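Participant: Pasting the sequence and the predicted model now:
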Amino acid sequence: PSGARRSLQCAVPGATPRYARLRDAADTLRIVERIDPAAVPLLLFGAGHVGQALVRVLSGLPLAITWIDSRPEQVSARLDGLPENVTLLLSDMPEDEVAFAPAGAYCLVMTHSHDQDDQICRALLRRGDFAWVGLIGSDSKAKSFAGRWERRGFPPEDIARITCPIGVHGIESKHPAAIAIAVAAQLQQVIEAGAAATIQTPVRIANTAAAAHRSVVAQETPLLVVAIGEAASLAAAGPH
């Protein structure tokens, strides 16, 4: 059926919180911090050459990667040697996968089709709750897409949240591995900047006998979505 989700490999570990509040029998409070980083959710749209190179680079980082493509032959060819932190999905309507992403996710869009890139980005704009969205493409693609989305009623400030082109400055090579390095570096910068900006504020704990002996401080885990084709600076939000 159209839009069916078919998971060919699923090995994404569940994200766990960084902090926990623990109370012992004497009602003594302890704050426990994870030493190992929790996995950051990332949506990567596109299993072409750049997508493949990106997965090789990103698989060594603490990310929970959902890798999505609409082409059976591309997905089948990527199954061998798939990293443990990558879930590979074959979906005939990749834009529908946006609904399954957690809030605060990171997203990269780099499919083989401009129309598919457009559909995915519009789905992201309608949700508007992603940490960051990167779209592969040129300045001209970015301007063209931005104009198209504005005509559809998306606010300019929401559109401006989508980054296109993507990749750190100074790397001009068009080799897939070079593009992957540039994009991965930018993604890591964004993730670290987001973590620094969201340092947890103190949690107020009621000093009552009814307090739970153990409660976890829920922390939204960022997710990443990538769409590669050509790109400019664009973003997520606005129900249209």
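Facilitator: Structure's in. What do you need?

Participant: What is the least confident helix or strand in the chain?
Facilitator: Sorted by mean pLDDT, DSSP states H and E, the helices and strands of the chain end with strand 214-216, the least confident at a mean of 27.

Participant: What segments of this protein are helices?
Facilitator: 49-58, 72-77, 114-127, 139-151, 156-159, 176-197 (DSSP state H).

Participant: Mind checking those for the one nearest to Glu84?
Facilitator: Shortest separation from Glu84 across the helices of the chain is recorded for helix 49-58, at 11.9 Å, computed as C-beta to C-beta. The way it works is simple: take the backbone N, C-alpha and C, and place the C-beta from them, glycine included.

Participant: Let me have the helices of the chain in CSV, extended by mean neighbour count.
Facilitator: As requested, those are exported to CSV (neighbours: other C-beta atoms under 10 Å):
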stretch, mean neighbour count
helix 49-58, 21
helix 72-77, 14
helix 114-127, 22
helix 139-151, 16
helix 156-159, 16
helix 176-197, 16
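
Participant: and those as CSV, adding mean pLDDT and distance to Cys107?
Facilitator: As requested, the helices of the chain are exported to CSV (pLDDT from 0 to 100; distance: least, C-beta to C-beta, whole Å):
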stretch, mean pLDDT, distance to Cys107
helix 49-58, 96, 13
helix 72-77, 92, 19
helix 114-127, 97, 6
helix 139-151, 97, 15
helix 156-159, 96, 14
helix 176-197, 93, 10
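
Participant: Ala99: which of the ones you listed is closest?
Facilitator: Ala99 lies closest, by C-beta to C-beta, to one member of those: helix 114-127, at 7.6 Å.

Participant: Using PDB, write out every CA atom in that closest one.
Facilitator: Only the C-alpha atoms of helix 114-127 are listed here, as PDB (Å, rounded to 0.1, in the frame of the first residue of the first chain):
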ATOM      1  CA  HIS A 114      13.800  17.800  -6.300                       C
ATOM      2  CA  ASP A 115      10.000  17.000  -6.000                       C
ATOM      3  CA  GLN A 116      10.700  14.600  -3.200                       C
ATOM      4  CA  ASP A 117      13.000  17.000  -1.400                       C
ATOM      5  CA  ASP A 118      10.200  19.600  -1.700                       C
ATOM      6  CA  GLN A 119       7.600  17.200  -0.300                       C
ATOM      7  CA  ILE A 120       9.800  16.200   2.700                       C
ATOM      8  CA  CYS A 121      10.700  19.800   3.500                       C
ATOM      9  CA  ARG A 122       7.000  20.900   3.400                       C
ATOM     10  CA  ALA A 123       6.200  18.100   5.800                       C
ATOM     11  CA  LEU A 124       8.900  19.300   8.100                       C
ATOM     12  CA  LEU A 125       7.700  22.900   7.800                       C
ATOM     13  CA  ARG A 126       4.200  21.800   8.700                       C
ATOM     14  CA  ARG A 127       5.500  20.100  11.900                       C
END
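
Participant: Before I go, just wanted to say thanks for your time.
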